[in-house]
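[1] Model the following, please.
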Amino acid sequence: MTVVAIDLDKAKLDPASVFLAPKDVLHTTGLSVDDKRSILVRWEADAEALLRATGEGMNENRSPAELLRAVHEAIESLEPGN
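    A predicted model of the protein is given here:
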């Protein structure tokens, strides 16, 4: 498996600028579970804001609901036993 260096601060501030999809956070080696959770929680907040903006008539190329679902699945997979 290849280890990829990432800017952790940037990932925690703007996950979409570092990762293509929430599942990519899960597969990145060298991140603690807490780091992964922190990145995904930020991504969740971003997706929720995007969903609200889309509901207010702002257009976006990607489906915010689909992104939010993917983030939730990624966060759930971090729970023990998953």
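
[2] Hmm, Arg52 and Ala65 touching each other?
    No: assessed by CB atoms under 8 Å, Ala65 is found out of contact with Arg52, at 11.4 Å. For every residue, glycine as well, the C-beta is placed using N, CA and C.

[3] Can you list the low-confidence ranges for this protein?
    Counting by pLDDT under 70, the low-confidence segments of the chain come to 1-4, 54-62.

[4] Name the single longest helix found in it.
    helix 33-55 (DSSP state H).

[5] how far is it from where the chain is centred?
    Helix 33-55 sits 6 Å away from the centroid of its parent chain (CA atoms, centre = their mean, to the nearest Å).

[6] buried residues in it?
    Buried positions in helix 33-55, judged by neighbour count with 16 or more other CB atoms under 10 Å: 35-40, 42-44, 46-47, 50-51.

[7] ok, then the element right after that helix?
    Next along the chain after helix 33-55, taking DSSP states H and E as the criterion, comes helix 64-77.

[8] I'd like the buried residues of helix 33-55 as a markdown table, with distance to Leu78 appended.
    Putting the buried residues of helix 33-55 into a markdown table (distance: CB to CB, whole Å) gives the following:
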| residue | distance to Leu78 |
| --- | --- |
| Asp35 | 11 |
| Lys36 | 6 |
| Arg37 | 6 |
| Ser38 | 11 |
| Ile39 | 11 |
| Leu40 | 7 |
| Arg42 | 14 |
| Trp43 | 13 |
| Glu44 | 12 |
| Asp46 | 18 |
| Ala47 | 16 |
| Leu50 | 22 |
| Leu51 | 22 |
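
[9] Distance of Ala70 relative to Leu26?
    With distances taken as CB to CB, to the nearest Å, Ala70 is found 11 Å from Leu26.

[10] same check, this time on Glu73
    Distance from Glu73 to Leu26, by CB to CB: 9 Å.

[11] next one: Phe19
    Noted for Phe19: a distance of 10 Å to Leu26, by CB to CB.

[12] Give the burial count for Ser77, as a bare number.
    Neighbour count for Ser77, taken as other CB atoms under 10 Å: 13.

[13] That one reaches Leu26, doesn't it?
    Yes: contact criterion CB under 8 Å: Ser77 and Leu26 qualify, at 6.1 Å.
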